[in-house]
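# starting from these lines, generate the structure:
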Amino acid sequence: MSVRIRMKRMGRKNRPFYRLCAIDQRSPRDGRVLEELGHYDPMCRETDARAILKGDRIKHWISVGAQPSENVQVLIKKYGSEGTHLKQQEEALSRLGRQPIKQPVAAS
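Numbering: from 1, shown residues only. Take a look at the predicted model:
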């Protein structure tokens with residue numbers, strides 16, 4: 001089974017909301033998922049608070065061979081566990097009064 005990490009559309013008409021999911025490649029866009037890995041809200045007023053990802057689970061799925069879609073790859077690069085916009089994301093979430101998902105610290 002080939003696994004892709006891609007967005008599943010939720011929300012209503014003219015108000016999109018997406019969940020980032022690990023899905024079998026043959027499944028339809030809004031089909032059954034293996035695991036939900038975060039969400040993306042393009043209508044959020046704070047640009048850096050739009051994507052909330054579970055970086056450790058995304059890293060796990062990529063390590064076992066899952067391929068992210070092009071749009072998901074951009075979100076992982078920005079907001080993944082080692083993303084380039086993590087500090088801006090924390091600031092944006094604090095302005096909105098929400099808490100970021102804390103990533104577990106790996107034991108040495």
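# helix/strand/coil for R9?
What DSSP: H, G, I helix; E, B strand; the rest coil gives for R9 is strand.
# tell me who's in contact with it.
Going by CB atoms under 8 Å, 6 or more residues apart in numbering, R9 touches 16-18, 29-30. No exception for glycine: its C-beta is placed from N, CA and C like everyone else's.
# one more: R50?
Here R50 is in contact with 40-42, 44 (CB under 8 Å, 6+ apart).
# check the offset of the lowest-mean-pLDDT helix or strand in the chain from the chain's centre.
None of the helices or strands of the chain scores lower by mean pLDDT, DSSP states H and E than helix 86-96, at a mean of 86. Centroid separation for helix 86-96 versus its chain: 16 Å, with CA atoms, centre = their mean, to the nearest Å.
# buried ones in that helix?
Neighbour-count burial for helix 86-96 flags 86, 88-89, 92-93 (criterion: 16 or more other CB atoms under 10 Å).
# of these, just say which sits nearest to A49.
Nearest to A49, judged by CB to CB, of the buried residues of helix 86-96 is A92 at 3.9 Å.
# distance of the closest one relative to R50?
As for A92, its distance to R50 is 9 Å (criterion: CB to CB, to the nearest Å).
# same question, L20
12 Å.
# next, show the common contact partners of these two.
By CB under 8 Å, 6+ apart, the residues touching both L20 and R50 are Y40.
# most neighbours, which of the contacts of R9?
When neighbours are taken as other CB atoms under 10 Å, the top entry among the contacts of R9 is Y18 (21 neighbours).
# that'll do, ta.
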